[in-house]
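Asker: predicted model follows, preceded by the sequence.
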Amino acid sequence: MAPIVLGMDVHCDTCAKKIEKIIKKMPGVTQAMAYANTGEVVVQGAIDAAALKARVESKTKKPVAIASAGGVESPSAGDHHHPQTPPPQHAVPWAPPPQQGTSVLQATELS
């Protein structure tokens, strides 16, 4: 399972430890890490993101945002292969069209 990532105001390391303690008491949680420097709270386990959000908001009286609701992870690159085919020799890398008010140099102008 991919982790659930919450975003909230985490003032300091002491606040981070309190948030971790609140979350670790919830059934299904296997790991919780709160980071004061980023405001991220990363939770591993079989738990619903909305229920987690509600519990943390209720206990901390602070607003919480769900940055990632977790779920099933996609297969890693090692488990999933695509055949490798080289690009055609005449392929030109894609570039966005020029923005209004900008100029485009022609190949003859560069010589």
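Answerer: That came through fine.
Asker: ranges for the strands of this structure?
Answerer: Assigned by DSSP state E, the chain shows strands spanning 4-8, 29-34, 40-45, 64-68.
Asker: count of neighbours near the residue nearest to G39 when sequence neighbours are not counted?
Answerer: Leaving aside its sequence neighbours, G39 sits nearest to V10 (C-beta to C-beta, 6 or more residues apart in numbering; 5.2 Å). C-beta: built from backbone N, CA, C; applies to glycine. Neighbours of V10 under the rule other C-beta atoms under 10 Å: 23.
Asker: same question, G39
Answerer: Applying other C-beta under 10 Å, we find 16 residues neighbouring G39.
Asker: tell me the confidence at it?
Answerer: Confidence at G39, expressed as pLDDT, is 93.
Asker: G78 now?
Answerer: 50.
Asker: surely V64 and E57 touch.
Answerer: Yes. Here V64 lies in contact with E57, judged by C-beta atoms under 8 Å, at a distance of 5.0 Å.
Asker: more neighbours: which of these two?
Answerer: Using other C-beta under 10 Å, the more surrounded residue of V64 and E57 is V64, with 19 against 14.
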